[in-house]
Every structure is written in C-alpha cells, then in structure tokens.
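**Q** structural data only, the sequence is not supplied:
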C-alpha cells in the first residue's frame, strides 16, 4: 500500500509516529515505525516480523486503532499503518479535556481485555499510545509494535528508559498479559493522580507512593497491585483488572464550587415605636383571645404543610414518569445489522453503525463488536454503536506473466499473497524461470494469504538429487530451517503433462530432519516446498 508520510506526531522509547496518507484511497493513516536498524532486519527477519504483526489484523474494537497494513520502506524501516482517530495528534487525554482520565483508564482496560481474551498482547504500551477521538472516547494505538521489537531481539533495550515497561520486559523476557497489566497500572496512576496545588513544589514520588494518594481506597489498591515487580503478584490479565475496576465506582470526586460569596453588611436594627397603651382587659377575655390566635395559627400551618406535601408528591411523580427506565444492553455480536437493530429496539435502544472493518472470521454485514458492551445497564433510548464487518481482507492478484519466479514471489509478498505450486514447461522457447501462466489470473480479488500457482519455463535443476537409487526414484532429505514454530513441508512430483502428485506432506518444527523416498512413473520433477515456498527441485529422467 503506497503511503505518503505527512507529519511527525511524536516519538517514544519504542518508535516514532507519523500522520500518513494512503495515496490510493486518500484515507489518513497513523503510521508507527519501531526502533529497528537496517542491519537488524535482513530478509529472513523481515518476513518473520511481517508475519508476526499481521496476526493483529483481526483485532477490531471501538477503543483500538485497527491494523491496516504492515511492510518495509525502501530503506529497510518497518512501518505499521493503523486507523487514524478523528482527532489524532499523539496527545493522551487528561482530566481537564474532553474525557476524564478515569474514563480513559476504563476504555484502555476494555481494549486490552478484548485483546487478552483473544490471546494477543500489546507489549509496547505507553501513555502516548492512548489517543483521543471525541465522543467515542480514547483509542489505543501501536498493537504489533511490541511483538515486532521482541522478534527482532531489541524490545528490552528499547524499554530500558520507558517507565511503562515492566521489569521482566526490560530484562529481555517475552511480553505477556502481566507485562501489559504493569503498563496499565503506571498509566492509570498518571491518569487518576491528584494534581499538585498551583504554586506547590513538584516532587518525584515513585508510582507506588503516588498510588497511595489516589482518592478511593479500592482504586488505589487495584493500581498498586498492577505495578508489583513480581509478575505473579499482579492481576494475570487486563480482563481481571477490568472486572475489579467495574466493581468499584471510579468516578472523580466532585470539583469544589467556584461560586464567589460576598459578605453583606449587617443592617442596623430599626427602633420599633412603642405600642400604644391598651386598656386593661379581664382574665377571661384575654384567655379567649389567646386560644383563638393559637387555633388560627394551627389552621394556617396545617394548610401550608398540606400544600407543600402535595407539591413534593406531584414533583416526584412527574420526575419518575419522565425518567427513562434502565435496560440491559443485549449481546449483538455475530448478528446482521437488521437483526441487531430489531433486538435493540425491542429493548428500547437505538442503533448506529459507527464504523466498518475487515475481519477474518465474521461475515460481511454482521456485527463484530459494539459499545456499550453486552450486559451494561443504560437508559432507554440510548444509542448502541456497532462495528460492522466487511468480511475477510481481500487483495488484488498482480500480473506475473513474463516475470521471473523471484520477481513474482516479491510481487505476491507485496500484495499480501503467497506463492503456491510452481510447475515447469520443459520444452518452452522462453528463457528459464519465466512465468508463462498463473492461477488465479491477474486482477482478481481474493482473500489475503491466498496461494497463486505458477507455470514457469525451462527445466533448470536447482539442486542435485541426493542418494539417487534409480532412474525414476530418489531419497529426498532436508532439514527444516529456522522460522515459525510449525512449518508445513510438502514434496510433490510434477510430470510434463501438468499432472502432479503429493508424495509427502507433514507439519514439522525448525531443525527437524525430513526423509522420504520418491518414485515416478516417467520423466518427472520433484519439488520440495516449505509453507508454499519452493526450496529445492530435482529432475528424475527415465532410463535411455
């Protein structure tokens, strides 16, 4: 994908972040370049890094910047392109901006819990990875940076001066869900800490000391546990940390009133005129007047209390009648948009489509995720924002006819496709190893990682057949090279007519020795493929 880098947004211990533009579609992208030098990324390491980062393609969540593409620049620098938030700028949310820091911490935990539940870790989480996006809240960037740095063997060195890096990561260990929890704790303490009063001297307290002064004993205890130096003492994953945060009300304390009161001068008491002298009355007449006054006052007080009670009851009834009822958000994942809309409206909720994204498993037009999450209590009339699937990511097959096999393999890798079976046309007039035909054909849109089979010219022998026992037989021996944990080894026998047979196929580990005996019924070529890549080829010619 051609990307034009427009503006540098910032840098951290793990890499630099840029604002880029997809020149093909005109879409803005967030591009992160991990701190890798060209000498650390030879061709074998580059293939391994791209495969490791592409595992994050299916990570789609309202609070995650989804992975769009990954590749290497002409200078050998790894570039990870992600969705660009609407208000991207590399700035993390603060308590005095659009989103309170504690609400941003909840969004960060929800994103990490979603990833941990699917067996994925961030590995390079810092405060700079938390980006604002207006009413949708915070979104987390740079998924895949940590695993790329670890595969290249430089994650520990890059994280030495990063406060969010867990102690075991700085020591060179593989990042885990527990190391993500440590980063969550450091960021949470920074987001929820009470700011120092204006004019007060700044202090360099440790994160553990700062956590003790966070309002709310429950929140302080959760964050203090997350930053324990021993990974076993922390919450094992962001899922458990999120569950603990939901059990406590992590709302910020009410801000002090800014109302300014003004002291009014005390009025001087006015001198009341002396009452005129009244004539003396009898004892019975005075008692009667006193009783009449008390009775009148009691009637007035009773009427006033009745009016006040009626007003209070009427106001409460009106308030309860106008307040929407609480409902539970249903689970809409996996449904079509129509099904999700019908179910949500049956619960008294509205539905909006927030964005669309590709997904490996969820069919097009079905719901990948939604916010608020299932089971949350909300008021009737609340809008549920859906993330709708566009189906599996697709790629366009390039035109490989006329290219060499090496050029065809590079073009397929750039298009996010894989080289499939390669057969030869022995008596072709074309130069050796030139592509004569391909399947699927050029211009077709297919799912990513689809195998493209080729027919090439010539009958060049790449390697001699070791231990040949006869004119139509060979003992094939190979040691599985370093690479992914498991690799599929396949041995195929190809005949000039185009027909081929699979003589051996098994999943093996790096360093494992593979031996098999291959026989052919006539002139044939034996091909050895590892994960679809041709690594050896032997010609078996018939007896003269």
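**A** That came through fine. What you are looking at is a predicted structure, and each value in this text was computed from that prediction instead of being measured.
**Q** wait, what's in contact with the most centrally placed residue in the chain?
**A** With distances taken as C-alpha atoms, centre = their mean, residue 64 lies nearest the centre of the chain, 3.6 Å away. By C-beta atoms under 8 Å, 6 or more residues apart in numbering, residue 64 lies in contact with 111, 114, 115, 139, 140, 143. (Glycine included, C-beta is placed from N, CA and C.)
**Q** for the fifth one, give me the pLDDT.
**A** The predicted local distance difference test score for residue 140 is 91.
**Q** burial measure for it, as a count.
**A** Residue 140 has 23 neighbouring residues, counting by other C-beta atoms under 10 Å.
**Q** swap in residue 517?
**A** Residue 517: 12 neighbours (other C-beta under 10 Å).
**Q** is it in contact with residue 473, as I believe?
**A** Yes. Residue 517 lies in contact with residue 473 (C-beta atoms under 8 Å); the separation is 6.8 Å.
**Q** distance check, the residue nearest to the centre of the chain against residue 225.
**A** 25 Å (C-beta to C-beta, to the nearest Å).
**Q** cool, residue 52 as well?
**A** Applying C-beta to C-beta to residue 52 and residue 225 gives a distance of 30 Å.
**Q** can you check residue 323 too?
**A** Following C-beta to C-beta, the distance that separates residue 323 from residue 225 is 38 Å.
**Q** settle it for me: which of these two has more neighbours?
**A** Applying other C-beta under 10 Å to residue 323 and residue 225 shows that residue 225 carries more neighbours, namely 16 against 10.
**Q** what stretches of the stretch 151-300 of the chain score poorly on pLDDT?
**A** 196-204, 249-283, 285 (pLDDT under 70).
**Q** helices along that one, start to end?
**A** Assigned by DSSP state H, counting those that start in this stretch, the stretch 151-300 of the chain shows helices spanning 155-158, 167-170, 177-192, 207-212, 217-226, 238-247, 283-322.
**Q** chain center to the longest one: distance?
**A** With C-alpha atoms, centre = their mean, to the nearest Å as the basis, the distance from the averaged C-alpha position of helix 283-322 to the chain average is 64 Å.
**Q** same thing with the fifth one?
**A** A distance of 24 Å separates the C-alpha centroid of helix 217-226 from that of its chain, computed with C-alpha atoms, centre = their mean.
**Q** one step back: which strand residues bridge the residue nearest to the centre of the chain?
**A** With DSSP bridges applied, residue 64 shows beta-bridge pairing to residue 140.
**Q** any idea how far residue 324 is from it?
**A** For residue 64 relative to residue 324 (C-beta to C-beta), the value is 30 Å.
**Q** ok, now residue 130?
**A** 32 Å.
**Q** more neighbours, the two?
**A** residue 130 (24 against 11).
**Q** correct me, but the more buried one touches residue 138?
**A** Yes. Counting by C-beta under 8 Å, residue 130 does reach residue 138; the two are 5.2 Å apart.
**Q** and the strands in the stretch 251-400 of the chain?
**A** Assigned by DSSP state E, counting those that start in this stretch, the strands in the stretch 251-400 of the chain fall at 326-328, 350-357, 367-371, 377-379, 383-389, 394-396.
**Q** for the fourth one, name the packing helices and strands.
**A** When you say that, I think you mean strand 377-379. The contact analysis (3 or more C-beta pairs under 8 Å, 6 or more residues apart in numbering; DSSP states H and E) places strand 377-379 against strand 326-328.
**Q** distance from the strand it packs on to the middle of the chain?
**A** Between the centre of strand 326-328 and the centre of its host chain there is 28 Å, according to C-alpha atoms, centre = their mean.
**Q** repeat that for stretch 486-501.
**A** 40 Å.
**Q** now the terminal residues of that stretch, how far apart.
**A** 23 Å (C-alpha to C-alpha, to the nearest Å).
**Q** cool, and stretch 149-164?
**A** End to end - C-alpha to C-alpha - stretch 149-164 spans 16 Å.
**Q** report the buried residues of it.
**A** By neighbour count on 16 or more other C-beta atoms under 10 Å, the buried set for stretch 149-164 is 149, 150, 151, 152, 154, 155, 156, 158, 159, 162, 164.
**Q** and what of stretch 519-537?
**A** Of the residues in stretch 519-537, those buried (16+ other C-beta under 10 Å) are 520, 523-532, 534, 536-537.
**Q** what's the answer for stretch 102-113, then?
**A** Applying 16+ other C-beta under 10 Å to stretch 102-113 flags 102, 103, 104, 105, 106, 107, 108, 109, 110, 111, 112, 113 as buried.
**Q** repeat that for stretch 503-519.
**A** Buried, per 16+ other C-beta under 10 Å, within stretch 503-519: 503, 504, 508, 514, 516, 518.
**Q** look at the second one and give its secondary structure.
**A** Spelled out, that is residue 504. Secondary structure state of residue 504, per DSSP: H, G, I helix; E, B strand; the rest coil, is strand.
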